[in-house]
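Q: show me the folded form of this:
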Amino acid sequence: MNFPTLPTRRLLLVPSLLLLIFMFIAPDARSQNPDAEPTFERVGTSVFRAGKVIKVMEASLYLANRADAAKVMTDVPKRLTFTYTRDIASKRFIDSANGALKDNCTAAELAAIKDRVEKLHGMYADVKKGDTYEYLYVPGKGTTLLVNKQVKGTIPGADFAKAYFSIWLGAKPVTEKLKRELLGG
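A: Numbers count the residues shown, from 1 in each chain. Sure thing, here's the model as predicted:
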């Protein structure tokens, strides 16, 4: 049986060594692919009740890359999920969102995002028991709405994300309890 000579064995080792070097010193694949979704960790969960008795939904907040919950309203990746335990008409959804936006945004901020809010609200449908709505914000990409894991569309802009997430996490959220629990408190 013939064994490879020393120069031939060296040639066989070069690809193996290059592969090992690449594996250990190559940058994270996520930094090479800006479209890759960030890794999220749950910060908090809250149950929203109507009249303190009737469970309407469960909400969870997720932040990427171990971000500090105190920075949730800055330009950081975030995800809010809502799982509904009741049917809700989309008109109620939209009216509630518009009221909360007025409470948390200036007239100028609302004017700047008006068309984008209308576009998002056009993606809403009547909610059925068991439906899940998810708002995923990735800086530079925008806020993506998923309904039952199906992408409905993406709205661009950090200004839009800050305004829309203020509905639940802003200075005047729909409820303080929801905000506090989502932020892990």
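Q: which stretches of the chain form helices?
A: 6-25, 29-32, 90-104, 107-123, 158-169, 176-182 (DSSP state H).
Q: low-confidence regions, this protein specifically.
A: Low-confidence segments of the chain, defined by pLDDT under 70: 1-36.
Q: report how many residues lie close to residue 49.
A: The number of residues packed near residue 49 is 14, by other C-beta atoms under 10 Å. Every residue, glycine included, has its C-beta placed from N, CA and C.
Q: do the same with residue 175
A: Counted with other C-beta under 10 Å, residue 175 comes out at 12.
Q: spatially, what comes nearest to it if we skip its sequence neighbours?
A: residue 48 (7.0 Å; C-beta to C-beta, 6 or more residues apart in numbering).
Q: cool, and residue 145?
A: Closest to residue 145 by C-beta to C-beta, 6+ apart is residue 152, at 4.5 Å.
Q: so what's that neighbour up against?
A: Contacts for residue 152 were tallied using C-beta atoms under 8 Å, 6 or more residues apart in numbering; they are 123, 145, 146.
Q: how about stretch 109-124: buried residues?
A: 109, 113, 116, 117, 120, 121, 124 (16 or more other C-beta atoms under 10 Å).
Q: doesn't residue 156 make contact with the third one?
A: Right, residue 116. Yes: assessed by C-beta atoms under 8 Å, residue 116 is found in contact with residue 156 at 7.4 Å.
Q: export the buried residues of stretch 109-124 as TSV, with columns for distance to residue 43.
A: Putting the buried residues of stretch 109-124 into TSV (distance: C-beta to C-beta, whole Å) gives the following:
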residue	distance to residue 43
109	25
113	25
116	25
117	25
120	23
121	26
124	25
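Q: just the closest of those to residue 83, please.
A: residue 124 (15.9 Å; C-beta to C-beta).
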